[in-house]
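J.: Generate a structure from the sequence data that follows.
(one chain, ligands or ions: 1)
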Amino acid sequence: MLPLQWPSPMTSTEIYLLLAILGALVVTGGVVYARRRALPPGKTPPSLTEAPSDRALASGAGRRAEVPVRPLTPEELARAAEQERYVAGLARTRGGFVAKLARLFSGRPRVSAELRDEVETVLFTADIGAKAAQKLLDQVTDLLDKSDVADADKVWAVIRTAARQILTVPAAPLDYSPNPPPYVLLMIGVNGVGKTTTLGKLAAFHKAAGRRVLLVAGDTFRAAAGEQLEIWARRVGCEIHLGKEGADPSSVIHDGIYRGAREGFDVVLCDTAGRLHTKKELMDELQKIRRSCAKALARARGVGEAEVRGPHDTFLVLDATIGQNALAQAVLFKETMDFTGLVLTKLDGTAKGGVVLGVCDELAFRSASSASARRSTTCARSTPTPSSRPCSAT
Ligand SMILES: Nc1nc2c(ncn2[C@@H]2O[C@H](COP(=O)(O)OP(=O)(O)OP(=O)(O)O)[C@@H](O)[C@H]2O)c(=O)[nH]1
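T.: From the prediction side, this is the model:
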């Protein structure tokens, strides 16, 4: 049997999955752009479900439908509907600092000192954090210094590029099919951020991809957490491993993973109880949970515990509506748990999703500083070069 291939301590501190805001903006931006390109200037794209109006039919527009047009397949329709959901769901996020910046430039053909100040104010009051805001501002002012024409498109392109750079983190691609299976994911975060809900969504994602999924109800603390996960399991059509209420979460997760491996599941998704990042004993419990993941996988494979470090992935869930507090959570969780992915939830209800920029910037900075500190104290160990990839949306 093959031992699991774990990333080095350095790469495991890197972020694989940065959900939502920019990824989703890329998706939705791509959709809007593709549609705009296909239309004459000034026309807005019709809704996918919209029937042609009487006037359009009378003017002959309806007759154009007689030209044979390939009807959309059910998959294409589902994809288009999903993209429309992104656009609608992220309306608030798009209406944040991005919209404010766009408003600043409309009707302002020339750059003035006042305009520069206003750009600075928008960037610093956006929820992206002071350091990330300064990075964006440096790029923008650099451009504005070179030109005295206030070209909103150019400024926007500079901001997009700088934001993408922050979000492009070095990371190996996600591998949902380790050899041997199953792929094990641990979900962590403070109370009520959306861990269970996200697990349910991920279970649906894996199920749709044809994988056999086992949910593990590792939140034995909150009454009804297990029932909530059971509802997701029923909805998705996957199996669930439940422990007794109040049982040791490490033991429930150990048994769930062991069962997943023994019974041939492809994917095992483990929930954990919400915990405050400031409570040491709860953070210590997470380390115990991580060790029990390793123990279960090692036992299932008949290898030594030292050969398995923990779950394949650990995702930290952050609630986007809390703004800068998410940054503090990410930093403190990182000190205890080497999480490999970030999930930003509730973007449908906030304009504060920009915090993901601050989080990525801060974590990349910390990874780089701890890596250079490691390099300066140990020179014998070489670190594999991780690949870079931009964040993606789920
Ligand atoms: N609007 C919105 N609500 C969400 C989202 N994700 C989760 N929620 C809601 O947030 C609340 C908490 O979600 P849970 O999934 O129970 O959060 P949790 O982190 O598992 O909670 P604890 O187990 O108590 O720590 C529920 O009411 C969810 O429906 C989201 O993306 N958007």
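J.: Give me the residues contacting whatever helix or strand A294 lives in.
T.: A294 belongs to helix 280-301 when assigned by DSSP states H and E. Contacts to helix 280-301, defined as Cβ atoms under 8 Å, 6 or more residues apart in numbering, come from residues 1, 3-4, 180, 184, 186, 188, 218, 249-251, 253-258, 261-262, 270, 272, 275-277, 304-305, 307-311, 314, 332-333, 336-337. Every C-beta, even on glycine, is put in place using the N, C-alpha and C of the backbone.
J.: Helices - which of these land there?
T.: 249-251, 253-258, 261-262, 332-333, 336 (DSSP state H).
J.: that older thread, of all the residues in the helix holding A294, which ones are buried?
T.: Using 16 or more other Cβ atoms under 10 Å as the test for burial, helix 280-301 gives 282-283, 285-286, 289-301.
J.: and it, does that touch the ligand?
T.: No. Helix 280-301 does not reach the ligand (Cβ under 6 Å from any ligand atom); its nearest approach is 11.3 Å.
J.: can you state the direction angle for that helix and helix 249-262?
T.: In terms of direction (axes from the mean of the first three to the mean of the last three Cα atoms, to 10 degrees), helix 280-301 departs from helix 249-262 by 20 degrees.
J.: Save the ones in helices among the contacts of helix 280-301 as TSV, and put in neighbour count and pLDDT too.
T.: Formatted as TSV, the ones in helices among the contacts of helix 280-301 follow (neighbours: other Cβ atoms under 10 Å; pLDDT from 0 to 100):
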residue	neighbour count	pLDDT
P249	24	96
S250	22	97
S251	17	97
I253	30	97
H254	24	97
D255	16	97
G256	28	97
I257	29	98
Y258	19	97
A261	20	96
R262	11	96
L332	15	91
F333	23	93
T336	17	86
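J.: and of these, the nearest to the ligand?
T.: P249 (11.5 Å; Cβ to the nearest ligand atom).
J.: Confirm that A172 lies within a helix, as I assumed.
T.: No. According to DSSP: H, G, I helix; E, B strand; the rest coil, the state of A172 is coil, so it is not within a helix.
J.: interface residues of the stretch 101-250 of the chain facing the ligand?
T.: Checking the stretch 101-250 of the chain against the ligand by Cβ under 6 Å from any ligand atom, the hits are 189, 191-197, 219, 222, 225.
J.: ok, now with 8 Å
T.: Counting by Cβ under 8 Å from any ligand atom, the residues of the stretch 101-250 of the chain close to the ligand are 187, 189-200, 219, 222, 225, 228.
J.: give the contact list for A126.
T.: Contacts of A126 by Cβ under 8 Å, 6+ apart are 96-97, 100, 133, 354.
J.: What number of residues are in the vicinity of L104?
T.: 17 (other Cβ atoms under 10 Å).
J.: Please tell me how far it sits from D142.
T.: Here the distance between L104 and D142 works out to 17 Å (Cβ to Cβ, to the nearest Å).
J.: ditto for T220
T.: Distance of T220 to D142, given as Cβ to Cβ: 53 Å.
J.: can you list contacts of stretch 210-218?
T.: 176, 182, 186, 199-200, 203, 206-207, 225-226, 229-230, 232-233, 236, 238-243, 249, 252-253, 256-257, 259-260, 263-273, 289.
J.: Would you mind confirming that Q329 makes contact with L318?
T.: Yes. Taking Cβ atoms under 8 Å as the definition, Q329 is a contact partner of L318 at 6.1 Å.
J.: Looking at the two, which is more packed in?
T.: More neighbours surround L318 than the other of Q329 and L318, with 27 against 22 (other Cβ under 10 Å).
J.: hang on, that one is in a strand, isn't it?
T.: Yes. Counting by three-state DSSP, L318 falls inside a strand.
J.: contacting residues for it?
T.: Counted by Cβ under 8 Å, 6+ apart, L318 has contacts 189, 193, 326, 329-330, 342-345, 355, 359.
J.: wait, doesn't W232 sit right on L202?
T.: No. With contact defined as Cβ under 8 Å, W232 does not reach L202; the gap is 9.8 Å.
J.: For V193, what are phi and psi?
T.: Main-chain torsions, V193, degrees, to the nearest 10: phi -80, psi -20.
J.: What residue in the stretch 251-394 of the chain comes nearest to the ligand?
T.: Going by Cβ to the nearest ligand atom, the ligand is nearest to G274 of the stretch 251-394 of the chain, at 2.3 Å.
J.: Count residues in the vicinity of the residue lying closest to that residue once chain neighbours are set aside, would you?
T.: Leaving aside its chain neighbours, G274 sits nearest to N191 (3.1 Å; criterion: Cβ to Cβ, 6 or more residues apart in numbering). As a burial measure, N191 scores 12 neighbours (other Cβ under 10 Å).
J.: Next, work out how far apart N191 and K334 are.
T.: With Cβ to Cβ as the criterion, N191 and K334 are 19 Å apart.
J.: what does H312 give?
T.: Distance from H312 to K334, by Cβ to Cβ: 18 Å.
J.: if you count what's nearby, which of these two comes out ahead?
T.: It is H312, of H312 and K334, that has more neighbours when counted by other Cβ under 10 Å, with 25 against 20.
J.: Would you list the phi and psi of the more buried one?
T.: phi -60, psi -40.
J.: In three-state terms, label L344 for me.
T.: Secondary structure, three-state DSSP: L344 is strand.
J.: beta partners of it?
T.: Beta-bridge partners for L344, by DSSP bridges, are L318.
J.: so it sits right up against K352, yeah?
T.: No. Between L344 and K352 there is no contact, the gap being 9.8 Å when judged by Cβ under 8 Å.
J.: joint contacts of the two?
T.: A320.
J.: So which of the two has more stuff around it?
T.: L344 (31 against 25).
J.: still on that earlier bit, just the buried ones among the residues of the stretch 101-250 of the chain next to the ligand, please.
T.: Buried members of these, counted by 16+ other Cβ under 10 Å: 187, 189-190, 193-196, 198-200, 219, 225, 228.
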